[in-house]
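J.: got a structure for you, letters missing:
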């Protein structure tokens, strides 16, 4: 028996992969819903977006691509959904991730041509995608804070149109026209706090990979960021706040992945427990 | 090729590449390496193109060339030609490769160091001062008060001298006590200027170490969540986008395809694992050694 327990430490890791794969696939084949608790950091993002005044715009810095799509895509989808529902106008930018603008564009187009088709939202009036800038982030931040900074930093939008020709950009010229910034990427830059929130007080919210969230919680408690969407969980919680009584309306990637994530976590927790049983059994053998 | 046909081709290509990359989970193989190098090459090429089209082109090349155009045609706006100085400054970096003219690269390095130092000073001050302020918390407090949003108010609870003893929030107070105790304990653990032999100091430092372990546990848990997030997005693509994709070709097969595919993959993987070969190896050295062995190459 003791040998069996000790051998639990030596299971080929590929068996673990197989069990994780099987557990995660099951919820994709059979639709299952699990209850969601909304965390304060997610509620902070929701409430900040919800309070955007009609004469201001929201800047979404959506700097992610295929590498962190699993977590970041849902984090922009739910915020886009919220803003389109409220009629809030928004500007999308990207920093140092060349593929990012096309992912953001696809997410917005899916909502505008799907859920909000009857509202007839138009590009350039309701939202603008300013494309990517390759530069040190603090330079971009300092630039947009200057007078007409958005126009100087982004002379053309993602589609090649001069920004002066876009109706939305005629009123959104620099940081003073921006109500809040929602920065979504694998590791949102802390420079948003140092160069934008610190000197100008613009509310900032983050959408980040789960692995990075531990370092950002201190900014939530200190009030330097108004809220944070953490990984898949953050977007699923936000979606649950958007549609509290209608689970079928929750279409974001976060809502799609949260149940498979829970199933995968169960397998990993079991693997940790089994590995520890083997470890302690090995300790007993050494004592003998 | 029609639009639908092209979409289907892209979908199948993406799915096969995904499966090819994940074949590494069983063992290192040539297909995985080919796909990996292709992906890196595509990424670099695309990044270069985008950098030129969206950044260097509109922000540097276009203004500079239009400036020269204005000068040659005697129009106003010739000042934009000065953008060429930025190119000269950038080219100074390449004198790193010349011993004789190395000093020229030091000009631009010095410039960057100066800018960097100034930026970091401002950044650290504005980033960390609110953290220091936040670490002073009322140990006995009422509930948080942020009704004057977006002003900060009292996010960590209103001090008891304002709300009075009758309005103490036990949960918020406990939160603040844990926060302050954690800061003190961890700082004592990292304070090496005096001996940790004294019981009070040693006990506090030990508590700090335990609290650090708890935070490392949180890091580890979040790491798993992120790795799972990457995997699940691909799984979602395979199950939601790719698995039903033959729908347009084989109408009758569609509803059951996913259920056929998944058990097939599971059975194949179980069969391969059951054979017990090859041995699980580390991703770097082990993988390379095996690859060389399989290809019959002899290292000289």
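T.: Thanks, I have it. These figures come from a predicted structure and were not determined experimentally.
J.: The host helix or strand of residue B:178: what's the following helix or strand?
T.: Assigned by DSSP states H and E, residue B:178 belongs to helix B:170-189. Using DSSP H and E, the helix or strand that follows helix B:170-189 towards the C-terminus is helix B:199-236.
J.: Residue B:238 touches residue B:18, doesn't it?
T.: Yes: look at residue B:238 against residue B:18 with Cβ atoms under 8 Å: they come within range, at 6.5 Å. The way it works is simple: take the backbone N, C-alpha and C, and place the C-beta from them, glycine included.
J.: So which of the two has more stuff around it?
T.: Shown here are residue B:238 and residue B:18; by other Cβ atoms under 10 Å in any protein chain shown, residue B:238 has more neighbours (21 against 16).
J.: and the more buried one, what does it touch?
T.: For residue B:238, the contact set (Cβ atoms under 8 Å, 6 or more residues apart in numbering or on different chains) comprises B:15, B:18-19.
J.: Among the residues you listed, name the ones in helices.
T.: Taking DSSP state H, the ones among the contacts of residue B:238 that sit in helices are B:15, B:18-19.
J.: tell me which residues in stretch A:85-104 are buried?
T.: A:88-104 (16 or more other Cβ atoms under 10 Å in any protein chain shown).
J.: swap that for stretch A:106-116, please
T.: A:107-108, A:111-112, A:116.
J.: and it, does that touch chain B?
T.: No: looking at stretch A:106-116 against chain B by Cβ under 8 Å from any Cβ of the partner chain, there are no contacts, and the closest approach is 13.0 Å.
J.: what mean pLDDT does that stretch have?
T.: Across stretch A:106-116, the average pLDDT comes to 94.
J.: Off-centre distance for that stretch?
T.: Put simply, stretch A:106-116 sits 17 Å off its chain's centre (Cα atoms, centre = their mean, to the nearest Å).
J.: can you tell me the residue of the stretch 151-300 of chain B closest to chain A?
T.: Chain A sits closest to residue B:233 of the stretch 151-300 of chain B, with a gap of 3.1 Å, by Cβ to the nearest Cβ.
J.: Show me what from the stretch 151-288 of chain A comes close to chain B.
T.: Contact residues, the stretch 151-288 of chain A versus chain B (Cβ under 8 Å from any Cβ): A:155-156, A:158, A:190-191, A:193-195, A:198-199, A:201, A:203, A:209-214, A:218, A:221-224, A:226, A:230-233, A:253, A:256-257, A:260-261, A:264-265, A:268.
J.: Take these and keep only those in helices.
T.: A:191, A:198-199, A:210-214, A:218, A:221, A:231-233, A:253, A:256-257, A:260-261, A:264-265, A:268.
J.: Helices of chain A, start to end?
T.: Going by DSSP H, chain A shows helices at A:2-7, A:13-29, A:40-50, A:69-86, A:100-112, A:137-145, A:149-153, A:167-171, A:191, A:198-200, A:210-221, A:231-242, A:253-287.
J.: Mind checking the ones you listed for the one nearest to residue B:136?
T.: Among these, helix A:210-221 comes nearest to residue B:136, with 12.6 Å by Cβ to Cβ.
J.: so what does that closest one touch, helix or strand wise?
T.: Applying 3 or more Cβ pairs under 8 Å, 6 or more residues apart in numbering or on different chains; DSSP states H and E, we find helix A:210-221 packed against helix A:40-50, strand A:204-208, strand A:227-230, helix A:231-242, helix B:102-134, helix B:199-236.
J.: confidence score at the residue most central in space within chain A?
T.: Chain A has residue A:75 as the residue nearest its centroid, 2.8 Å off, counting by Cα atoms, centre = their mean. Residue A:75 carries a pLDDT value of 95.
J.: again with residue B:156
T.: pLDDT, residue B:156: 79.
J.: and the residue nearest to it when sequence neighbours are not counted, what element?
T.: Leaving aside its sequence neighbours, residue B:156 sits nearest to residue B:137 (Cβ to Cβ, 6 or more residues apart in numbering or on different chains; 5.1 Å). Residue B:137 belongs to no helix or strand when assigned by DSSP H and E.
J.: So for the residue nearest to the spatial centre of chain B, what's the nearest residue that isn't a sequence neighbour?
T.: Centroid check for chain B by Cα atoms, centre = their mean gives residue B:226 as the closest residue, at 10.1 Å. Excluding the flanking residues, the one nearest residue B:226 by Cβ to Cβ, 6+ apart is residue A:211, at 4.0 Å.
J.: what sits against the one you found?
T.: B:219, B:222-223, B:225-227.
J.: what about 6 Å?
T.: B:222-223, B:226 (Cβ atoms under 6 Å, 6 or more residues apart in numbering or on different chains).
J.: ok, of the contacts of residue B:238, which one's closest to chain A?
T.: Among these, residue B:18 lies closest to chain A (Cβ to the nearest Cβ), at 10.5 Å.
J.: ok now do the closest one, which residues does it touch?
T.: Residues near residue B:18 by Cβ under 6 Å, 6+ apart: residue B:234.
J.: on that earlier part again, quick check: the gap between the residue nearest to residue B:226 and residue B:219.
T.: From residue A:211 across to residue B:219, the span is 8 Å (Cβ to Cβ, to the nearest Å).
J.: how about residue 95, what does it touch?
T.: Just so you know, I chose chain A. Residue A:95 neighbours (Cβ under 6 Å, 6+ apart): A:63, A:133, A:137.
J.: could you do chain B instead?
T.: Counting by Cβ under 6 Å, 6+ apart, residue B:95 has contacts B:101, B:104-105.
J.: what's the answer for residue A:134, then?
T.: Here residue A:134 is in contact with A:96, B:51, B:55 (criterion: Cβ under 6 Å, 6+ apart).
J.: Tally up the residues packed near the second one, please.
T.: Neighbouring residues of residue B:51 were enumerated by other Cβ under 10 Å; the total is 16.
J.: What of the one 4 residues further on?
T.: Using other Cβ under 10 Å, residue B:55 has 18 neighbouring residues.
J.: tell me the SS of it?
T.: helix (DSSP: H, G, I helix; E, B strand; the rest coil).
J.: any idea how far it lies from chain A?
T.: The gap separating residue B:55 from chain A is 5 Å, by Cβ to the nearest Cβ, to the nearest Å.
J.: again with residue B:114
T.: 14 Å.
J.: Which residues are in contact with residue B:137?
T.: Per Cβ under 6 Å, 6+ apart, neighbours of residue B:137: B:156, B:176, B:179-180.
J.: Turn those residues into a markdown table, columns for neighbour count.
T.: Below are the contacts of residue B:137 laid out as a markdown table (neighbours: other Cβ atoms under 10 Å in any protein chain shown):
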| residue | neighbour count |
| --- | --- |
| B:156 | 21 |
| B:176 | 19 |
| B:179 | 17 |
| B:180 | 15 |
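J.: Now the two most distant members of those.
T.: The distance between the two most remote of those (Cβ to Cβ) is 10.4 Å, for B:156 and B:180.
J.: do stretch B:165-182 and chain A meet?
T.: No: between stretch B:165-182 and chain A, judged by Cβ under 6 Å from any Cβ of the partner chain, nothing touches; the nearest distance is 7.5 Å.
J.: Sketch out the low-pLDDT regions of the stretch 101-250 of chain B for me.
T.: Counting by pLDDT under 70, the stretch 101-250 of chain B shows low-confidence ranges at B:146-152, B:245-250.
J.: Let's see that with 50 instead.
T.: Within the stretch 101-250 of chain B, the stretches with pLDDT under 50 are B:247-249.
J.: Can you tell me which of the contacts of residue B:95 comes closest to chain A?
T.: The nearest member of the contacts of residue B:95 to chain A, counting by Cβ to the nearest Cβ, is residue B:105 at 19.4 Å.
J.: And that closest one, how close does it get to residue B:97?
T.: Residue B:105 is 9 Å from residue B:97, by Cβ to Cβ.
J.: What of residue B:174?
T.: For residue B:174, the distance to residue B:97 - Cβ to Cβ - is 61 Å.
J.: next one: residue A:62
T.: 38 Å.
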